[in-house]
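*Asks:* Need the 3D shape of this:
(chains A and B)
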Protein chains: 2
Amino acid sequence: MPPDHDPILAPVPNALPPVERVARMPVGFAAVGTTAGIKASGRPDFALVVATDGPIPAAAVFTPNRFAAAPVRLSRANLQATGGSATTCGYAAAVIATSGSANAATGPEGDADQAAIGRAVADAIGTTPDHVLHLSTGVIGTRLPVDKVAATIKRVTDEGLEYTDLALGQAAVSLRTTDSTTKMASVTAKLPTPDGGTVAVAVTGIAKGVGMIHPRMATMLSIVLTDATASPALLRTLLRGAAAVTWDQLSVDGDTSTNDTVFALASGGAGAISADEDDRVRAALGAAIEAVARDLARQQARDGEGATALITCQVTGAADDADARAVARAVISSSLVKAAVHGKDANWGRIAGAAGNALVAESAVLEAAGLSPGEAAARASQPAAVDPARMRIAIAGHLAYDGATGGPTGIDKAAARDAMDADEVLIRVDLGLGNGTGEAFGCPLTEAYVKENSEYTT
Amino acid sequence: MPPDHDPILAPVPNALPPVERVARMPVGFAAVGTTAGIKASGRPDFALVVATDGPIPAAAVFTPNRFAAAPVRLSRANLQATGGSATTCGYAAAVIATSGSANAATGPEGDADQAAIGRAVADAIGTTPDHVLHLSTGVIGTRLPVDKVAATIKRVTDEGLEYTDLALGQAAVSLRTTDSTTKMASVTAKLPTPDGGTVAVAVTGIAKGVGMIHPRMATMLSIVLTDATASPALLRTLLRGAAAVTWDQLSVDGDTSTNDTVFALASGGAGAISADEDDRVRAALGAAIEAVARDLARQQARDGEGATALITCQVTGAADDADARAVARAVISSSLVKAAVHGKDANWGRIAGAAGNALVAESAVLEAAGLSPGEAAARASQPAAVDPARMRIAIAGHLAYDGATGGPTGIDKAAARDAMDADEVLIRVDLGLGNGTGEAFGCPLTEAYVKENSEYTT
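*Replies:* Purely as a prediction, here's the structure:
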């Protein structure tokens, strides 16, 4: 085929529904974003999202960090209390999010602080504390100013939360720490109703990103709201499956946070058929959640600390999807690849080296992505199949390495450099072994990252 | 106990023999280091080490990278040919090392180049090509100038290799790429002789470090020579065991090279009792190899690209040694911890976060460190046991976090900052769970690292 039609020179097409970068409020929720005074800067640092008709199905993916913060531990306990068994799905009536202090590594006092905040929310909206989910982000090891947060809870609930897109957008603003952008993504899906018609269903995500981000079964803070109908267990399955191919494929700096959490809440307010009762509804809702998660992950990578671009690595021709995702993740996680992209250097040797070193994910991620427990256990943390004699690498539309024809192609580095001077740098790897595909999202490693993180708390 | 006697405020004592940072040539070897013209700079780029009485026991640890370079693949094949089965031990009469081109991702032509170099060495010293071991380092994807290397082999062997410490030091110089120091370490051990006396045995290592260094069953280029006596299989066991607690605990930037190799060769020239025949000799030789490997690993971390200090993390009180090593490795691998040390910021929260995210090593490393195959399979890539309520963290002699007393200690950040302004920054973590210990070596993440690696090939 002519070189300009070689698939490796272009992005891999995907079948996900289109995403708008706005916060479209689904039916059945109200929200507020404001300033509670946690941040010394006076910037917004408080968000509250409420399910207006009381507790609804909720699901979560949490950081696996053993140093999980107080809000993570309390949210797990609350989901277990309301869901009956699992710590990752149950029922919730509110999500309270604070920014400025992570309430991590704060000991029993931190747990007590978070519980007091939960009681304040429950009292204010008329639910029980175990129906409140918690997010916090910021510096590790500092206490939350409970009085300020409680006073703000009273103030905003006295004033009344709003049902508007703007209110949800303001909640997104309040999640930010060092984010330079507000991260929002919405999908509208047409789903069938019980009476034979169709209805527009919204799936909207808000998120924060920037640092301490690495794909270990988690993400940074995100809230996904929908007015579709689904049980807690199914919502969890769809959320976890979406995370496995989106947030679990996102790395900013190789560090997995103590606070990483994504919540999904489904109000059922649109009146569509339940995803538990119809396979097409289930598939459509799953695709919408995945599309929102993917777009938020891309926004988070693009806004990584010190980042000047989004790095997307798409892998095709792998022995299977798990291998493809492993190779994509290894490439975007490599400090040397990240530094090379910063320098607009089409350094394919570092991409090859990173790919050759890829390890398949942990078993929990593999199960979430669809493998059976037995398959997942057998594959977990194993090297991905990579054959240098079959591999091909293209950078920003320029073929750099072709194993079948002896390796280096003599890439035009100046032309590649021009192509890499873009907001998104696409690295395409074809392994020539099978039909597995996968992608991952990262960002360049820059002097600004180092500067920002060597001056963070001093 | 008084705070100044709290063990967490000081380094963990170790029982390894003392190391001198010189190259002490063992009996039975000759060497040369010179310029072959591979590097455009004209700096030394060629080293040859020869076993003067012909093939002797040899062992290796190789990179697990699937993109293993031509010298790695040829050395594996040669050890298999001379050793009879394993690809990691056999017999060798020479090690040829070139610097400036990695001969990685160079396809069949790269394999042919490396084979031609092996034949040139074999012809020049009177052995067979399968008794030649190969090391190369430098840019990925560029060919080796075989003619220049072959001409240099002829020149240096015509002139005659030397048996001196200086010649071995010059070989060490030739291994360097962007290294700012020449890395050498020697231990002298008194070992028993068959006639009831004792003899001084030398164990000497030379190495290069700096970048693309990460602990996956490998190291950067190193050659360990000894005039002790050991079989290929035992030499491999001792070398692999030493690597598991030293080089496998070393990270500069999270990338594992395509060329990482360490070779050990034992000439038997000192006339000591064989390590295969006497447990005390075996223990003494193992300790000497570990001491050399540990010191070289520390030199490599200290000289990591852009590094301004050595970061040592020592972990005590772990459930077992594998967990302790996992936590130590997670701490020194964290970009956020590395950036904080660069900023002399006693940011214990990032240490806690990294520790909470630690995964035990792969099964091959665990087996090398002494676990049974069954134990290793069960533990591989599992989260390390970490309990925030029992953990303690000290930075440069200052206690920062004590889980048992509520967490943050209110560390004096100014005093800690002064203490971190040193050539080595010690991070001590006690997990309060058991008797497991481990350590790892890394370096700060600096603007200079980013600058160096965003400008490497362009």
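*Asks:* Break chain A into its domains for me.
*Replies:* A:29-302, A:308-454 (automatic domain parsing).
*Asks:* Can you check which of those gets nearest to B:T437?
*Replies:* Set against B:T437 and scored by Cβ to Cβ, the domains of chain A come closest in domain A:29-302, at 18.7 Å. All C-beta atoms are positioned from the backbone trio N, CA, C, and that covers glycine.
*Asks:* Relative to the whole chain's centre, how far out is that closest one?
*Replies:* Taking the mean of its C-alpha atoms, domain A:29-302 sits 11 Å from the chain's own mean (Cα atoms, centre = their mean, to the nearest Å).
*Asks:* Tell me if it is near chain B.
*Replies:* Yes. Domain A:29-302 lies within reach of chain B by Cβ under 8 Å from any Cβ of the partner chain, at A:64-68, A:102, A:104-110, A:139-141, A:211-212, A:216, A:253-258.
*Asks:* Now, those that are in strands?
*Replies:* Of the positions in the residues of domain A:29-302 next to chain B, A:V139 sit in strands, assigned by DSSP state E.
*Asks:* so where do the strands sit in the stretch 101-250 of chain A?
*Replies:* A:132-139, A:183-192, A:198-207, A:222-226 (DSSP state E, counting those that start in this stretch).
*Asks:* Out of the ones you listed, which is the most enclosed?
*Replies:* With neighbours defined as mean count of other Cβ atoms under 10 Å in any protein chain shown, the strands of the stretch 101-250 of chain A peak in mean count at strand A:222-226, which reaches a mean of 29.
*Asks:* Okay, angle between that strand and strand A:132-139 too, please.
*Replies:* Here strand A:222-226 runs at an angle of 150 degrees relative to strand A:132-139 (axes from the mean of the first three to the mean of the last three Cα atoms, to 10 degrees).
*Asks:* Counting by contacts, list what strand A:222-226 packs against.
*Replies:* Counting contacts by 3 or more Cβ pairs under 8 Å, 6 or more residues apart in numbering or on different chains; DSSP states H and E, strand A:222-226 packs against strand A:198-207, strand A:261-266, helix A:279-302.
*Asks:* In TSV, list the ones you listed along with mean pLDDT.
*Replies:* Below are the helices and strands packed on strand A:222-226 laid out as TSV (pLDDT from 0 to 100):
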stretch	mean pLDDT
strand A:198-207	96
strand A:261-266	94
helix A:279-302	94
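*Asks:* Highest mean neighbour count across these, which stretch is it?
*Replies:* strand A:261-266 (a mean of 28).
*Asks:* Sheet-wise, list the partners of it with their directions.
*Replies:* If you go by DSSP bridges, strand A:261-266 pairs up with strand A:56-62 (antiparallel), strand A:222-226 (parallel).
*Asks:* Mind checking these for the one nearest to B:A200?
*Replies:* Once these are compared by Cβ to Cβ, strand A:56-62 is nearest, at 58.1 Å.
*Asks:* which stretches of chain A form helices?
*Replies:* Here chain A has its helices, by DSSP state H, at A:70-83, A:107-125, A:146-159, A:165-175, A:232-245, A:279-302, A:321-333, A:335-342, A:348-355, A:363-368, A:373-379, A:413-420, A:447-454.
*Asks:* will you turn these into a markdown table that also has distance to B:D303?
*Replies:* Formatted as a markdown table, those follow (distance: least, Cβ to Cβ, whole Å):
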| stretch | distance to B:D303 |
| --- | --- |
| helix A:70-83 | 39 |
| helix A:107-125 | 39 |
| helix A:146-159 | 48 |
| helix A:165-175 | 41 |
| helix A:232-245 | 39 |
| helix A:279-302 | 32 |
| helix A:321-333 | 24 |
| helix A:335-342 | 17 |
| helix A:348-355 | 20 |
| helix A:363-368 | 36 |
| helix A:373-379 | 37 |
| helix A:413-420 | 29 |
| helix A:447-454 | 18 |
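*Asks:* For A:A207, find the nearest of the ones you listed.
*Replies:* Using Cβ to Cβ, the nearest of these to A:A207 is helix A:279-302, at 4.4 Å.
*Asks:* wouldn't A:G110 be in contact with A:A116 here?
*Replies:* No. Between A:G110 and A:A116 there is no contact under Cβ atoms under 8 Å: 10.8 Å.
*Asks:* Now do A:W348 against A:D260, distance only.
*Replies:* A:W348 is 32 Å from A:D260, where distance means Cβ to Cβ, to the nearest Å.
*Asks:* need the contact list for A:L426.
*Replies:* A:11, A:312-314, A:395-397 (Cβ atoms under 8 Å, 6 or more residues apart in numbering or on different chains).
*Asks:* distance of it from A:S335?
*Replies:* Distance, A:L426 to A:S335, by Cβ to Cβ: 20 Å.
*Asks:* Near the residue of the stretch 101-250 of chain A found nearest chain B, how many other residues are there?
*Replies:* Proximity of the stretch 101-250 of chain A to chain B (Cβ to the nearest Cβ) peaks at A:I140, 2.8 Å away. Counted with other Cβ atoms under 10 Å in any protein chain shown, residues neighbouring A:I140 total 26.
*Asks:* what's near enough to touch it?
*Replies:* Listed by Cβ under 8 Å, 6+ apart, the contact partners of A:I140 are A:69, A:102, A:104-105, A:258, B:349-350, B:352-353.
*Asks:* Which one, of the helices and strands packed on strand A:222-226, ends up nearest to A:I125?
*Replies:* Evaluated over the helices and strands packed on strand A:222-226, closeness to A:I125 peaks at strand A:261-266, with 14.0 Å, by Cβ to Cβ.
*Asks:* which regions of the stretch 1-150 of chain A lie under the pLDDT threshold?
*Replies:* For the stretch 1-150 of chain A, the stretches with pLDDT under 70 are A:1-4.
*Asks:* count of residues packed around the nearest residue to A:L366 once chain neighbours are set aside?
*Replies:* For A:L366, ignoring the flanking residues on the chain, the nearest one in space by Cβ to Cβ, 6 or more residues apart in numbering or on different chains is A:A376 at 3.8 Å. A:A376 has 21 neighbours, counted by other Cβ under 10 Å.
*Asks:* Distance-wise, check A:A376 relative to A:A364.
*Replies:* From A:A376 to A:A364 the distance is 8 Å (Cβ to Cβ).
*Asks:* Around A:I411, count how many other residues there are.
*Replies:* For A:I411, the tally of surrounding residues (other Cβ under 10 Å) stands at 18.
*Asks:* Roughly how far does the closest residue to it other than its chain neighbours sit from A:S251?
*Replies:* Using Cβ to Cβ, 6+ apart and skipping the chain neighbours, the partner closest in space to A:I411 is A:A400 (4.3 Å). Relative to A:S251, A:A400 is positioned 22 Å away (Cβ to Cβ).
*Asks:* how many other residues sit next to A:A422?
*Replies:* By other Cβ under 10 Å, neighbour count at A:A422 equals 13.
*Asks:* surely it meets A:G397?
*Replies:* No. Contact criterion Cβ under 8 Å: A:A422 and A:G397 do not qualify, at 10.0 Å.
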